[in-house]
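1. My questions are about this predicted structure, shown below with the sequence.
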Amino acid sequence: MGNEQAGHRQTLTAIGIWALRITLGAVFVYSGFVKAIDPWGGLFKMEEYVAAMGLDLSRAIVLMGASLLAIFEFCLGVMTLTGSFRRLTPVLLCAFMAVMLPLTVWIYFADPVSDCGCFGDALVISNGATLLKNVVLTAMAVGLLLINKKAQPLFYPSLQIWVVIWGGLYTGCLVLAG
């Protein structure tokens, strides 16, 4: 009975990990994708943030930042979906959310921009909904950080770098085509 219960627990843990991976990965892939297909929309939203923060950055730098954000989010989503780099990916997710969560707290209370731009113009959500979304995503990222190594990835470690390379190339091409 003990081995059967342990096997059942391992199966449930793996299912939970994959549920976290799929949910987080899908959000990041979607967010990166919609930003990549509309880099000019990302530029305009980033310019709103830059102006609200009182920064003086050139349009080229802001456009590059918006483009890199789209590529990074998409690749991070694909890495999460596939379970690639099981140690690094949750750390990157938590680091990303450690920046985004305080930013969304600020936009919720100060209201410097009308919407976060999290999903481009494809899905406009309020600053309150953005804050709630980021609290949930942060909790999920921390959960994944704690248990991600207990479930296998989709690809062998030697192939995982290709997930990032192809994801980056694909999203980069989308940005350039936009």
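-> Alright, I've got the coordinates.
2. And the average pLDDT for the helix or strand harbouring K45 is what?
-> Assigned by DSSP states H and E, K45 belongs to helix 39-52. For helix 39-52, mean pLDDT rounds to 93.
3. other SSEs contacting that helix?
-> Applying 3 or more Cβ pairs under 8 Å, 6 or more residues apart in numbering; DSSP states H and E, we find helix 39-52 packed against helix 59-82. For the C-beta atoms, the positions are set from N, CA and C on the backbone; glycine is no exception.
4. What's the mean pLDDT across the helix or strand just after the helix it packs on?
-> Sequence-wise, the next helix or strand downstream of helix 59-82 (DSSP H and E) is helix 88-110. Confidence over helix 88-110 (mean pLDDT, whole number) is 96.
5. which parts of stretch 90-100 are buried?
-> P90, L92, L93, F96, M97, M100 (16 or more other Cβ atoms under 10 Å).
6. what does stretch 132-145 give?
-> The neighbour-count check on stretch 132-145 (16+ other Cβ under 10 Å) flags K133, N134, L137, T138, M140, A141, L144, L145 as buried.
7. before we move on, back to that, what is the nearest of the buried residues of stretch 90-100 to S67?
-> Lowest distance from S67 to these (Cβ to Cβ) belongs to F96, with 16.3 Å.
8. by contact count, what packs against the lowest-mean-pLDDT helix or strand in the chain?
-> Least confident helix or strand of the chain, by mean pLDDT, DSSP states H and E, is helix 2-36 with a mean of 90. Using 3+ Cβ pairs under 8 Å, 6+ apart, the elements in contact with helix 2-36 are helix 59-82, helix 127-147, helix 157-177.
9. Go through that helix and flag the buried ones.
-> Within helix 2-36, the residues scored as buried using 16+ other Cβ under 10 Å are 17-18, 20-21, 23-25, 27-36.
10. then the helix holding K45 to PDB, C-alphas only?
-> Extracted C-alpha coordinates of helix 39-52, given in PDB (Å, rounded to 0.1, in the frame of the first residue of the first chain):
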ATOM      1  CA  PRO A  39       5.200  46.300 -32.000                       C
ATOM      2  CA  TRP A  40       3.900  49.800 -32.600                       C
ATOM      3  CA  GLY A  41       1.100  49.300 -30.200                       C
ATOM      4  CA  GLY A  42       3.700  48.100 -27.700                       C
ATOM      5  CA  LEU A  43       5.800  51.200 -28.400                       C
ATOM      6  CA  PHE A  44       2.900  53.500 -27.800                       C
ATOM      7  CA  LYS A  45       2.000  51.800 -24.500                       C
ATOM      8  CA  MET A  46       5.700  51.800 -23.300                       C
ATOM      9  CA  GLU A  47       5.900  55.500 -24.200                       C
ATOM     10  CA  GLU A  48       2.900  56.100 -21.900                       C
ATOM     11  CA  TYR A  49       4.800  54.300 -19.100                       C
ATOM     12  CA  VAL A  50       8.000  56.200 -19.800                       C
ATOM     13  CA  ALA A  51       6.200  59.500 -19.800                       C
ATOM     14  CA  ALA A  52       4.300  58.600 -16.500                       C
END
